[in-house]
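*Asks:* Have a look at this prediction, sequence included:
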Amino acid sequence: MLYSASWNESYIRSGGLTESLFLEGHLKRVILGFLCLFAFLVIDYRNLKPMAPYLLTISFCLLIMTKGYYLVKGINSPARWLHLGIFSIQTADIARLSLIIFLAYYLDEIKMQIKNLYNGFLPCVILIGVMMAF
């Protein structure tokens, strides 16, 4: 959101206290993004290999929780955000990252069978399809 286009709405929502309500929220997210960037620069990606199946399982559970939350609440819109008290997360982004990590792990494990349709390609496509269904 552009600051020049949002300052009036920010002023109204804050009760006249600040014109930079949306700018402050955006800056917090940018700082958090850079912290995550530096964390992933420091972490050796090979340490993620043994955690790949667990990361995929957790992200799949988060996707199911998001879908369940929207079904229980009776919200008739796409289930994208999981609201957890003071913050919300977009579970599809977590699932996307864990799916990439898991596929790298899986393809590394089946190096010799990767050209086989039933052992190499098809399980990956099915897994991607299942994750996309949620």
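*Replies:* That came through fine.

*Asks:* Check the gap between the residue lying farthest from the centre of the chain and T57 for me.
*Replies:* Largest separation from the mean C-alpha position in the chain: G16, at 34.4 Å (C-alpha atoms, centre = their mean). Going from G16 to T57 by C-beta to C-beta, to the nearest Å gives 48 Å. C-betas here are computed from N, CA, C, even on glycine.

*Asks:* With F22 instead?
*Replies:* Using C-beta to C-beta, F22 is found at 36 Å from T57.

*Asks:* rewinding a little: wait, a helix at the residue farthest from the centre of the chain?
*Replies:* No - counting by DSSP: H, G, I helix; E, B strand; the rest coil, G16 falls outside a helix, being coil.

*Asks:* and the one helix or strand in the chain whose mean pLDDT sits lowest, what other elements does it pack with?
*Replies:* The helix or strand of the chain with the poorest confidence is helix 3-13; it has a mean of 73 (mean pLDDT, DSSP states H and E). With contacts taken as 3 or more C-beta pairs under 8 Å, 6 or more residues apart in numbering; DSSP states H and E, helix 3-13 sits against helix 21-42.
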